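Enquirer: build the 3D model from these lines:
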Amino acid sequence: MPDPSELPALAASVDAVMLIIRLSARYGPLMFLHDATGDVLQPRCRPVGSLPVDDQDVKLGEVAGCEYWISPSALDQLGSGALLLDVLEARGDATGLASRFVLRKVGN
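Expert: Numbers count the residues shown, from 1 in each chain. Purely as a prediction, here's the structure:
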């Protein structure tokens, strides 16, 4: 398990925080799980307890009250530098509920 002081800083855009608030109001408490399956820059956001957190997964931080967990392999693929949780807006969706979260590297 990595030393917490060596973990990249995690921040969130205003759009990401607002989407989390809307989704939490609709679905209850949420969590993020970011693993190396599929697109490494796209974390999954689901109700608390619906995503299996492995013993090796690392709690990267919290965003708008939601725990953000990441697998060691995804952490390795992202490399160093700060991370920003942001939103890719779905075209034609006024609610924002079809939007997707994306993790952007900031810096190195």
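Enquirer: in the protein, which spans are strands?
Expert: 10-12, 30-34, 44-47, 58-63, 66-70, 82-88, 100-106 (DSSP state E).
Enquirer: tabulate those strands in CSV, adding columns for distance to L23, mean pLDDT and mean neighbour count.
Expert: For the C-beta atoms, the positions are set from N, CA and C on the backbone; glycine is no exception. Shown next, in CSV, are the strands of the chain (distance: least, Cβ to Cβ, whole Å; pLDDT from 0 to 100; neighbours: other Cβ atoms under 10 Å):
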stretch, distance to L23, mean pLDDT, mean neighbour count
strand 10-12, 13, 94, 18
strand 30-34, 6, 91, 22
strand 44-47, 7, 89, 16
strand 58-63, 12, 92, 18
strand 66-70, 9, 93, 21
strand 82-88, 11, 90, 19
strand 100-106, 10, 86, 17
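Enquirer: I'd like the ones you listed as CSV, with distance to D76 appended.
Expert: Output for the strands of the chain, formatted as CSV (distance: least, Cβ to Cβ, whole Å):
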stretch, distance to D76
strand 10-12, 16
strand 30-34, 12
strand 44-47, 18
strand 58-63, 11
strand 66-70, 10
strand 82-88, 13
strand 100-106, 13
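Enquirer: give me the number of residues near P29?
Expert: If you count neighbours by other Cβ atoms under 10 Å, P29 ends up with 11.
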